[in-house]
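Chemist: return a 3D structure for these sequence lines:
(chains A and B)
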Amino acid sequence: MKLIIINYGAGNIKSIQFAFKRLGVDAILSNNSEEIIAADKIIFPGVGEASTAMDMLKESGLDILIPTLKQPVLGICLGMQLLCKSTEEGNTKGLGVFDTDVKRFSNNVKVPQMGWNVIKDLKSDLFSGIKEGAYMYLVHSYYAEHCTQTIAKTDYGINYASALQHDNFYGVQFHPEKSSIAGEKILNNFLKL
Amino acid sequence: MLTKRIIPCLDIKNGRTVKGVNFIDLRDAGDPVELAKQYADIGADELVFLDISATLEGRATTLDMVLHVAEQVNIPFTVGGGISSIEHVNDLLKCGADKVSINSSAVKRPELVNELSNKFGSQCIVVAIDAKQIDGNWKVHLAGGSIPTDIDLFEWAKEVEQRGAGEILFTSMDHDGTKNGFANEALAKLSSELNIPIIASGGAGNIQHFIDTFKEGKADAALAASVFHFGEIPIPKLKKALKNNNIEVRL
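Modeler: As a prediction, the model looks like this:
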């Protein structure tokens, strides 16, 4: 099993690497196209602010490469958001894999949403063995709107897509690497896809 | 629904837990990694490590500790204490800390909050504020509450929110160590005037205090140290009691 975590800038990707290590898999950090294409599984993490992250992807040509990948890809947090058509954060055009847009939470809730919330209406092998209403750790100010690719839903002032799937592309808004045993189970499910 | 968070706080010196910890069978109560794992297992939602090391060597050891905690613990954690530079924050996040908390350094140079949130994102920048009442007004204090300033708590909290703080950790020095309950009036005011999460700290003595700080203080999270470390309030029992009082928690 060759697992790559796409490394395209600063940020806490160590936690994802450690989470896989706890599952017995050594994940490799890389931004090398050939290495990424040759991987069995790919993690696309999020780093900081959307427009800056997109600029970093463009610098290394990863914005072109990522949508063409054929193996299972898991976008986490901002990684998931960048796979959408667009995000209001920095008015950024996304990679367009997921057929939805990313909006900012309204101010009738505290922003960012920070903490543990539940995921419901689970519809994917990614959630095999995960209970409806399982708690996941989330930290975000922007959310993906529902579309036909929604595979998990969460409520925070509004009901939004906390996970998406299109063919081999999976995206989760929450941090499975920080979501205790249930989160580790999801990462393990991804390894088995 | 987003749940209310319960956060044990661990004081760290030279990479070791300092305050006595005696709530469960631990081979080594001074080992922050083992302790953090235990807390994660019994349902803590997050952890805060407060570095009270006085020396550079001590700080370096803490960095190593952060790496080990990130390696073995599957819930989020914040590191605070003596952080005043972008480089230091970068090192901590690179080692796997999810958030950092800054305190006196932000009061001394408020632009630091902007710099850190621009570089790393608001979501990982917690501003800790220690305050106590002087003649009925909440005033910010520095250096663990020992140095008073003329800065108003609420004005300062609003300023750091505008500068990009993602969360406020408010410790009432009037309540800290008393075990008489949290500063709920001030907390509720913070919560209504700001639109970022507020962590209540200082004064936890029994389960009712937590119920009160979530209901009356409108806190998003509650932090405590000794009541957890000495097993006076077992976290599973606390969370069950919160649930029974219609407060959403992760069980």
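Chemist: the nearest residue to residue A:187 once chain neighbours are set aside and residue B:127, how far apart?
Modeler: Leaving aside its sequence neighbours, residue A:187 sits nearest to residue A:176 (Cβ to Cβ, 6 or more residues apart in numbering or on different chains; 5.1 Å). Every C-beta, even on glycine, is put in place using the N, C-alpha and C of the backbone. Shown here: residue A:176 relative to residue B:127, a distance of 28 Å by Cβ to Cβ, to the nearest Å.
Chemist: compare the two (neighbour count), which wins?
Modeler: Comparing residue A:176 with residue B:127 by other Cβ atoms under 10 Å in any protein chain shown, the one with more neighbours is residue B:127, at 30 against 27.
Chemist: tell me which element that one falls in.
Modeler: Residue B:127 is located in strand B:125-134, with elements delineated by DSSP states H and E.
Chemist: sheet partners, orientation included, of that strand?
Modeler: Using DSSP bridges, strand B:125-134 pairs in its sheet with strand B:99-102 (parallel), strand B:137-142 (antiparallel), strand B:167-172 (parallel).
Chemist: that one: which residues count as buried?
Modeler: If you call a residue buried by 16 or more other Cβ atoms under 10 Å in any protein chain shown, then strand B:125-134 has these buried ones: B:125-132.
Chemist: just stretch B:58-78 next, same as before
Modeler: Of the residues in stretch B:58-78, those buried (16+ other Cβ under 10 Å) are B:58-59, B:61-63, B:65-71, B:73-78.
Chemist: narrow those residues to those in helices?
Modeler: Per DSSP state H, helices hold the following members of the buried residues of stretch B:58-78: B:58-59, B:61-63, B:65-71.
Chemist: helix, strand or coil for the residue nearest to residue A:105 when sequence neighbours are not counted?
Modeler: Leaving aside its chain neighbours, residue A:105 sits nearest to residue A:111 (4.9 Å; criterion: Cβ to Cβ, 6+ apart). Three-state assignment for residue A:111 (DSSP: H, G, I helix; E, B strand; the rest coil): coil.
Chemist: swap in the one 3 residues further on?
Modeler: In the three-state summary, residue A:114 is assigned as strand, counting by three-state DSSP.
Chemist: beta partners for it?
Modeler: With DSSP bridges as the rule, residue A:114 is bridged to residue A:139.
Chemist: and it, how many neighbours does it have?
Modeler: 27.
Chemist: wait, residue A:147 sits on residue A:102?
Modeler: No - using Cβ atoms under 8 Å, residue A:147 is not in contact with residue A:102; the gap is 11.3 Å.
Chemist: on that earlier part again, isn't the residue nearest to residue A:105 right next to residue A:139, touching?
Modeler: No - contact criterion Cβ under 8 Å: residue A:111 and residue A:139 do not qualify, at 10.8 Å.
Chemist: those two: who's more crowded?
Modeler: residue A:139 (23 against 20).
Chemist: for stretch A:51-67, which positions count as buried?
Modeler: A:52-54, A:56-57, A:60, A:62-63, A:65-66.
Chemist: let me fix that, I meant to ask about stretch A:90-100.
Modeler: A:92, A:94-95, A:97-98, A:100.
Chemist: which bits of chain A sit near chain B?
Modeler: Residues of chain A that fall close to chain B, judged by Cβ under 8 Å from any Cβ of the partner chain: A:10-12, A:14-15, A:18-19, A:21-22, A:48-49, A:107, A:110-118, A:135, A:137-141, A:155-156, A:175, A:177-181, A:183-184.
Chemist: buried only: go through those for me.
Modeler: With burial judged by 16+ other Cβ under 10 Å, the buried subset of the residues of chain A next to chain B is A:10-12, A:14-15, A:18-19, A:48-49, A:110-118, A:135, A:137-141, A:156, A:175, A:177-180, A:183-184.
Chemist: what parts of the stretch 101-250 of chain B come near chain A?
Modeler: So far as Cβ under 8 Å from any Cβ goes, the stretch 101-250 of chain B lies against chain A at B:119-124, B:166-167, B:195-197, B:220-221, B:250.
Chemist: hmm, what's the outermost residue in the chain?
Modeler: Just going to use chain A. No residue in chain A has its C-alpha farther from the mean C-alpha position than residue A:108, which lies at 25.3 Å (Cα atoms, centre = their mean).
Chemist: contact partners for the closest residue to it other than its chain neighbours?
Modeler: Spatial nearest neighbour of residue A:108, chain neighbours left out: residue A:157 (5.7 Å); criterion: Cβ to Cβ, 6+ apart. Residues in contact with residue A:157, defined by Cβ atoms under 8 Å, 6 or more residues apart in numbering or on different chains, are A:105-106, A:108-109.
Chemist: the helix or strand of chain B with the lowest mean pLDDT: partners in the sheet, and parallel or antiparallel?
Modeler: Sorted by mean pLDDT, DSSP states H and E, the helices and strands of chain B end with strand B:16-17, the least confident at a mean of 84. Neighbouring strands of strand B:16-17 in its sheet, by DSSP bridges, are strand B:5-13 (antiparallel).
Chemist: next, residue B:39: secondary structure please.
Modeler: helix.
Chemist: surely residue A:121 meets residue A:146?
Modeler: No - in this structure residue A:121 lies outside contact range of residue A:146 using Cβ under 8 Å: 10.0 Å.
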